[in-house]
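K.L.:
Using only what follows, build the 3D model:
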Amino acid sequence: MIPRSNIRNIGISAHIDAGKTTLSERILYYTGKIHKIEEVGGGDGATMDYMELEREKGITITSAAVTCFWNNTQINLIDTPGHVDFTIEVERSLRVLDGAIMILCGVAGVQSQSFTVDRQMKRYKVPRIAFINKLDRVGANPFYVVDALREKLGLNPVVLQYPIGLEDKFVGVIDLIEMTANYFEGENGEKWVKTTISEELQQQAEIAREKLLDQISIHSEAMIAKLLAGEDIPKQMIWDAIRQGTLTLEFTPVLMGSAYKNKGVQNLLDAVALYLPSPMERGAVTATDITTNQQLQVYSDPEAPVVALAFKLIDSEFGQLAYVRIYSGTLKPGRLYNTRTQKQVRVNRLVRIEVDKRQEIELAQAGEIVGLIGINCASGDTLCSPNTNISLEGIFVPEPVMTIAITPKSQEDIDRIAKALHRFTSEDPTLHVSTDPESHETLMSGMGELHLEIYLERIKREYHADVYVGAPAVAYRETITKATSFDFTLKKQTGGAGQYAHVIGKIEPCEEAFIFEDRVVGGVIPKHFIHACEQGFKDALQTGCLKGYPIIRVKVTLESGSYHPIDSHEITFRFAARQGFEEAFAKANPIILEPMMLLEVETPSQFLGRIQGKLLSRRALLLGSETREHDTVIRASVPLAEMFGYSTEIRSLSQGMATFSMEFAEYQKLPDSLMSEIR
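P.N.:
Here you go, the predicted model:
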């Protein structure tokens, strides 16, 4: 068994089309996991894109996991989607990883989804290496990308390499630590050749090395002393300083290459082993003791009770397969306790996950990522040893922004669709399924058009069911603009036991989705009824009074009230709280909020004017633009309701040459003039 200090749980994240899956394919090839390189969208499709849909569309839809070995290091690698509609795949991967590789395009640099990936990495405090890819492309400029990392993302990039040529003259990289020129020969770049630096690049390499040493010496007094004395700095001292700064998130090592041209990937694998943390170095994770509600720290100790997080589910031929990250203990076949369901589950088989293949194993220790076959759990569940009632922090799940109505085409399709939706919602927390109370249609809500389109396609292919699809609808929200108080009494007497509940408080706008504050003193409402009041307020959030959309950004303060020792029950207080909230909400100047998207359009400059003009007609607010070679990048904030059919429009406006990406930014007030247009 590989020592736990030599395990690396890493993910690859980036903007769409930055080359994540292409890089993953090279990593698998150079570590001996595969013996033939497949390309995205060509031949049999990339190894990590194992779903038929992924190969057809040339994009990554689900995060795939694989275990491979580089020298003496075990790398558990997760390749995640770049498309923002599948952002939950990135969220749940980063939640369980110890380190990450952030890929940036050497031409485009920091793009819109690079900001999203950066936020996600910072949220989970994940140490990272940046890899500037596609240096063989026309317009490649790694120095521009390094500046963008510093200025746009607020990182402290430490450049470890210098490119040997750029664009069609890109042939390798100079290692600024070992001061060697690295070339990659052979049919697939498998012959890694290190040689002396050419005379014409020697001076630039020395200047870049001095800058590197100056940046990292802050972490080593011994290095400062050697620099001041003019002595040579040992390689190990440099590696140690870079590793320390990376683990403390003080800086980001930057490497360069071209995955497609098979250059620089071996250096990146070395950097993963050198600079990214082992499970032991990531420290303890925070958990909650369900019994006492106290927070505690879970340490990466193989002798402790098992604590693991199920972070992804997929269906396999042998039953449900759960991807699990083990945080403490040693996991073997046997019984585990699910703290969400408060039931025991049986682990029959443990497997090492190798994309869509399984290698059975007898045990796995803290720090590993493995698969459990046939176990009944949901994404985000904590699994622990019996009598260990611990719950790990969940995964941040963004709210869906788009809804479609689906209707089965035939009676036989009803059961198949129900099975499909049950499976998809347990796999993907961002996919919501509900029933329209008026039309009784099934509603599917997701993160965007592509997200919903993929699931509709999967219903058709995997479950052989056909559906009629209604027009997409935007997920509007309602909120209030001023504070209002409530004083509601529920009092009913019907011969026998009556119903009594009295609640006093106020509602006011806030930035959070919902906040409940209990300010009741003197026991005028008993403690067990206060929880029922909170549930009643949450019930009221489901439907606003303007158009019936869910309510957000409201703080409720329960201040006082009264109860009857016989006629008061939890259900009466829950109902009274809901009624009190609804009365106050109607008086608090409610408004409709619409989802605003952050849009980035990349277009040849000759189409700039017409694209901007059309965006303005879609109620877009232009945030700025920048020119890259012959292309212009437009950034805008635009209502989601105005973006249906945009992919067709932008193709016709630019002769198919412009591309765009968008992600949810925030909710903003819907203009009063459009209130009557939404149902």
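
K.L.:
hmm, who's touching stretch 626-635?
P.N.:
107-109, 111-112, 138-139, 598-605, 608, 611-612, 615, 622-625 (Cβ atoms under 8 Å, 6 or more residues apart in numbering). In this view, the C-beta of every residue, glycine as well, is placed from N, C-alpha and C.

K.L.:
at 7 Å what do you get?
P.N.:
With contact meaning Cβ atoms under 7 Å, 6 or more residues apart in numbering, stretch 626-635 is reached by 107-108, 139, 600-605, 608, 611-612, 622-625.

K.L.:
For Ser568, state which of these is nearest.
P.N.:
Taking Cβ to Cβ as the measure, Ser568 lies nearest Leu623 of the contacts of stretch 626-635, at 54.0 Å.

K.L.:
Name the residues of the helix or strand hosting that closest one that are buried.
P.N.:
Taking DSSP states H and E as the definition, Leu623 sits inside strand 621-628. Judged by neighbour count (16 or more other Cβ atoms under 10 Å), strand 621-628 contains these buried residues: Ser625.

K.L.:
That one: how far from the chain's middle?
P.N.:
Its chain's C-alpha centre and that of strand 621-628 lie 26 Å apart, by Cα atoms, centre = their mean, to the nearest Å.

K.L.:
what mean pLDDT does that strand have?
P.N.:
For strand 621-628, mean pLDDT is 86.

K.L.:
between the helix or strand following it and strand 621-628, how big is the angle?
P.N.:
The helix or strand immediately downstream of strand 621-628 is strand 631-639, counting by DSSP H and E. When axes from the mean of the first three to the mean of the last three Cα atoms, to 10 degrees is applied, the directions of strand 631-639 and strand 621-628 differ by 160 degrees.

K.L.:
strand partners of strand 631-639, parallel vs antiparallel please.
P.N.:
Using DSSP bridges, the strands paired with strand 631-639 are strand 591-604 (antiparallel), strand 621-628 (antiparallel).

K.L.:
Of all the ones you listed, which one is nearest Ala418?
P.N.:
Closest to Ala418 of the strands paired with strand 631-639 is strand 591-604 (Cβ to Cβ; 28.4 Å).

K.L.:
Could you pull out the buried residues of that closest one?
P.N.:
Buried residues in strand 591-604 (16+ other Cβ under 10 Å): 591-603.

K.L.:
Run a quick neighbour tally on the residue nearest to Gly106 when sequence neighbours are not counted.
P.N.:
In this structure, Gly106 finds its nearest non-sequential neighbour in Ala140, 3.9 Å apart by Cβ to Cβ, 6 or more residues apart in numbering. Here the count is done by other Cβ atoms under 10 Å, and Ala140 has 25 residues near it.

K.L.:
Ala140 and Glu600, how far apart?
P.N.:
Distance, Ala140 to Glu600, by Cβ to Cβ, to the nearest Å: 20 Å.

K.L.:
just to revisit the earlier point, per-residue confidence at the residue nearest to Gly106?
P.N.:
Looking at Ala140, its pLDDT is 89.

K.L.:
could I get the buried residues of strand 591-604 as JSON lines with pLDDT?
P.N.:
As requested, these are exported to JSON lines (pLDDT from 0 to 100):
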{"residue": "Ile591", "pLDDT": "94"}
{"residue": "Ile592", "pLDDT": "94"}
{"residue": "Leu593", "pLDDT": "93"}
{"residue": "Glu594", "pLDDT": "92"}
{"residue": "Pro595", "pLDDT": "90"}
{"residue": "Met596", "pLDDT": "90"}
{"residue": "Met597", "pLDDT": "88"}
{"residue": "Leu598", "pLDDT": "87"}
{"residue": "Leu599", "pLDDT": "87"}
{"residue": "Glu600", "pLDDT": "84"}
{"residue": "Val601", "pLDDT": "87"}
{"residue": "Glu602", "pLDDT": "83"}
{"residue": "Thr603", "pLDDT": "87"}
